[in-house]
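Q: Fold the following and give me the result.
(chains A and B)
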Amino acid sequence: MPETFKTETTGRDLFPGALEMMILESLRRQPSHGYALVQHIQQRSNNLLQVEEGSLYPALQRLLKARLVKAEWSVSSSNRRVRTYQITAAGVRRLEEQISSFERMFEGIALVLNPAKGTTN
Amino acid sequence: MNWIPNIFRRGKLYDDLSEEIRLHIEERIEQLMSQGKSREEAQREAHRAFGNRTVMEERSREVWQWPTLESVIADVRFAARQLRRSPGFTIAAVLTLALAIGANAVVFSVMNAFVLRPLNVPHAQTLYQLQHSYEASAYQSYPDYIDLRDRNHSFEGLMAYTLDEVGLDIGNGNPTEVWAEETSGNYFDGLGLHPYLGHFFHASDERGPNSAPFMVLSYDFWHTHFLDDPSVVGRVVRLNRHPFTILGVAPRNFNGTLLFFNPPLFVPIVEHPSLGADDMNVRGDRWVFEVMGQLKAGVTPAQAVADLNAIGANLEKAYPKVESKMTFALARPSLYGDYLGRPVKAFMAGLMLLTALILLAACANLGSLFAARATDRSREVALRLALGSTRTRILRGLFTEAIVISLAGGSVGLLGSVALLRALSAWQPFPNVPIHVAVNPDTNVYLVAVLLAVISGLLFGAVPVRQVLRTNPYGVVKAGAFRGAGKRVNAREILLVTQIAICGVLVTSSLVAVRGLVRSLHVHFGFDVANILLAETDLSMAGYTGDRVPEMQKRMIHALEGIRGVDAVAVADSVPFAVGTSDVHVFAENATDLRTANAAADVNIYHVSPGYFRAAGTALLMGRDFTDHDDINTPRVAVVNGEFARRLFGSVNGAIGRSFKMADGTRVQVAGVTEDGKYQSLTEAPQPALFVPIAQFPSILTTLVVRANSASSDAAQSIGAATRNTLRQLDAGMPVIIETRDKPLEFALFGPRMATVALGVLGAMGAMLSITGIFGMAAYSVSKRLKELGIRIALGAQRKEVLQAALGRAFRLLVIGSAAGLVLGLLATRVLAFVVYGATPRDPLVLGGVIGAMALLGLVATWVPARRALSVNPLVLLRED
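A: Next comes the predicted model:
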């Protein structure tokens, strides 16, 4: 099947898969529900990343489908009904793979953008 | 692949999602309100921050959907839009496929019903009929049947049946002639059937001749003649004036074990004598139509045959005078063994092959239509390729288009064929005989139709694949689609010429057949047709025997002669073309050894009363008619036809006064000679016929030949009614069938008519194929050379020249194909002359008709491409590049 249906770009400013990676990372620290995830990502990025709140949900569904996270209805500390997401073992593995490949990519880009640094190393 | 459980979980997933998003927005609103914003403000802001909720929800759901489905639907939509844009192409393609797939569905359905589907009884796989090993017939004598039944060790029990026409009086004193199946007592039990109503008769009911006056009705007969009345069980009705008790109704879908023949009622075979036949226990008289039985478990057909042959050998030894060739083979009872089974299977296989070829040819033609389309769209394809679309994606689009067309064509074809099959199943070709062609379609038929549709879609969809794969986007965009002329002659053109030629053959022969049929209705066949009525009765059904028969026949003649408007009346046992004409062997006058092998001729024999020749309109060439003096007390005399005279005496002139011998040694003197006629088939070679006085050679079969003064249909109506009344006054319990003289000819015309219809249908198919073939080719050639044509027009070419350039090749192929078809068709009509009387190709109407039909066909096929070629606007074309 055409790949376009699996990796949709989630926002103008993010590359494909970035949002998923951030979600997984947040969930590794702590299970939480959708609203809290958005808050968390925006705070952690010092509001540098403008994530449209809604775009979180298609990403969450993709992760659910791939069984990288699991979801459960519960009641939060502030006493509201929430659907809490939790990372699975497969999710942790995938996250680590992605982070390492992301780091390699980032390194490569950095080298291209800043060649002087690369040659001195 | 966890999309299967996802399908079922989807509803829950979607609900969770909506709920989750609703709660998310709610939480945001509350948070914003806690920062001091008004509710309205908070709501606005929360929604803005969330983004387009519908789109997000939609995209989230998409994650769970089967990914291909959506893109397939998109492809189908795109294909439908493309097809809507070229309605001519779409209609031509769908109709072609509808006809081709419809034809396949009809033929497969008939084959399914006759050959593939087992008989509608339990354990049909082990049910076999006994067939003679030396010929495809199954007749046995009743004593032989009893011996075979009781002595064999291979069958669960042998059943027997025969078919008989009887007079049924259901209590209103107005008997009608119906067909009955006389079956052995073990028939229903042996077949493993259970009654729909009441009960069956059993082997234990048989205690010698006429010991079981019982009757079981078929479901259909009960439904139509007793209106589903359950109280018929136990009712007493009369068959040939003998009382019979209705025991029950057979199961709903059981119509006997012969596929074509649906007997309305079943009576025990031991009632054979009471229904008027005295041959029940004559060992040499093979009147039992069929003997069949279930093989015992573990017995192979070969073992059963050996078993039966051993019994046969014993019987031959015990009764050397009457028994011979008692060797057997096993066959399926549904088509009367190999008698119908072999020709039907061969015919169906041939037909299936033919329709498959038609479908293949249709696919080839559609393939060239598709190639033409692909050429037209090569620019679009190139553009898409250049923009990064994959070739797979483009091919998928093309195939989707092909499949959409083939499924549409398949559905239309299937609908048409279902209607046709329903009509065929309800059709009763012969009025007084329960012959049906039950070919209702079942699931198999639908499956085959869909399968054929998909396969043909893939087939013709594959034709332009190479073209697309080779498309070089840069080249096409730069230079347009024109790729120069191809090879001089290619396979597609040869196929097209062949199709046109076959179409020409079929058109020629169907025109010849139609003309022959029309002609054969106006020819003198040795008897008059126009002003003659036949009143057919069987005095045995009304209980007449012995001397009472001729006396009754005389009374009937006298009574009918009194009717106003009647010119002459005579009696015959049977008349030419009626069912049940008999034949006898005759011998030379001096013959002494009267064995069949020594016979001088096998002749049609008619037992007639004095005045028959005048009443029937058969010309007496010389000699005299019979008189009332030709009776039992005077020497036997006969009137023969010219062919008889030539065969036995060498010439017509020397025949009067000469004698010949019948098989029983009776010497008969020729008193007169009649003209030759047709007796059983319109296309038969001259047949010898023999007329003998019914007073000297009595017959219980009675057909009254009534000659009217006028040939008007009013006269026929009133005389028919008067005849019925008069005969009823003579004996109200006598079943009578009154029909005009042309009705028995229907049987003889059935074959030629079917042949004509078949040729017509095949001709229509051929025409359809030729039209799409030429259309495809012409469309392709116009598409390919559109730019060239535009340039020609721009340079001032005339319409004629443009057409010449665009369609010249298609027209040449049409002319070559048609000419070949016409010549071959004229040759083929020699074969046709065996089936259709008077089929001759020396007929200007036929020649003109064929040429006209082929020209029309060419015109229809090239109309659209020609219009397109002529309407080329050079400016538009050149600007496009």
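Q: what residues are up against the residue in the stretch 701-850 of chain B positioned nearest to chain A?
A: For the stretch 701-850 of chain B, the residue closest to chain A is B:S783, as judged by CB to the nearest CB, at 31.1 Å. Bear in mind the C-beta positions are built from the backbone N, C-alpha and C, glycine included. Residues counted as contacts of B:S783 (CB atoms under 8 Å, 6 or more residues apart in numbering or on different chains) are B:372-373, B:375-376, B:481.
Q: Closest to A:A89 out of these?
A: Proximity of those to A:A89 was ranked by CB to CB; the top entry is B:R373 with 53.8 Å.
Q: The closest one and B:L83: what is the separation?
A: Distance of B:R373 to B:L83, computed by CB to CB, to the nearest Å: 10 Å.
Q: what residues are shared contacts of these two?
A: Contacts common to B:R373 and B:L83, judged by CB under 8 Å, 6+ apart, are B:F89.
Q: does the residue of the stretch 701-850 of chain B closest to chain A sit in a helix or strand, and which one?
A: Assigned by DSSP states H and E, B:S783 belongs to helix B:743-784.
Q: Which elements pack onto the helix or strand following that helix?
A: For helix B:743-784, the following helix or strand on the C-terminal side (DSSP H and E) is helix B:786-794. In terms of contacts (3 or more CB pairs under 8 Å, 6 or more residues apart in numbering or on different chains; DSSP states H and E), helix B:786-794 is packed against helix B:799-832, helix B:874-880.
Q: give me every residue that touches the closest residue to chain B within chain A.
A: Residue nearest to chain B within chain A: A:G54 (3.5 Å; CB to the nearest CB). A:G54 makes contact with B:21, B:50-53, B:55-56, according to CB under 8 Å, 6+ apart.
Q: Check which element follows the top strand by length along chain B along the chain.
A: As assigned by DSSP state E, the longest strand anywhere in chain B is strand B:155-169. Going down the chain from strand B:155-169, the next helix or strand is strand B:176-183, by DSSP H and E.
Q: Need the CA coordinates for that following strand. PDB is fine.
A: Written as PDB, here are the backbone C-alpha positions of strand B:176-183 (Å, rounded to 0.1, in the frame of the first residue of the first chain):
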ATOM      1  CA  THR B 176     -58.700 -34.800 -21.400                       C
ATOM      2  CA  GLU B 177     -55.600 -36.500 -22.900                       C
ATOM      3  CA  VAL B 178     -52.600 -36.400 -20.600                       C
ATOM      4  CA  TRP B 179     -49.300 -38.200 -20.400                       C
ATOM      5  CA  ALA B 180     -48.900 -40.700 -17.600                       C
ATOM      6  CA  GLU B 181     -45.700 -42.400 -16.300                       C
ATOM      7  CA  GLU B 182     -46.500 -46.000 -15.700                       C
ATOM      8  CA  THR B 183     -44.000 -47.000 -13.000                       C
END
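Q: CA-only coordinates of the helix or strand just after that strand, as CSV, when you get a sec.
A: Next in sequence after strand B:176-183, counting helices and strands by DSSP H and E, comes helix B:187-191. Coordinates of each C-alpha in helix B:187-191 appear next as CSV, following Å, rounded to 0.1, in the frame of the first residue of the first chain:
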residue,chain,number,x,y,z
TYR,B,187,-40.3,-46.6,-8.1
PHE,B,188,-40.8,-44.0,-5.4
ASP,B,189,-39.2,-46.1,-2.6
GLY,B,190,-36.3,-47.1,-4.9
LEU,B,191,-35.6,-43.4,-5.7
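Q: When you filter the contacts of B:S783 down to buried only, what's left?
A: B:372-373, B:375-376, B:481 (16 or more other CB atoms under 10 Å in any protein chain shown).
Q: Go through those residues and name the one nearest B:I694.
A: Closest to B:I694, out of all of these and judged by CB to CB, is B:A372, at 73.5 Å.
Q: Now for the closest one: which residues touch it?
A: B:A372 is in contact with B:776, B:779-780, B:783-784, counting by CB under 8 Å, 6+ apart.
Q: Chain B contacts on chain A?
A: Residues of chain A lying close to chain B (CB under 8 Å from any CB of the partner chain) are A:1-2, A:5-6, A:8, A:33-35, A:38, A:52-55, A:57-58, A:60-62, A:64-65, A:71, A:73, A:80-83.
Q: Just the buried ones out of those, please.
A: Neighbour counting with 16+ other CB under 10 Å marks A:8, A:33-35, A:38, A:52-55, A:57-58, A:60-62, A:64-65, A:71, A:82-83 as buried within the residues of chain A next to chain B.
Q: Pull out the buried residues from the helix or strand A:R104 falls within.
A: Per DSSP H and E, A:R104 falls inside helix A:89-113. Residues A:91, A:94-95, A:98 are the ones in helix A:89-113 that count as buried (16+ other CB under 10 Å).
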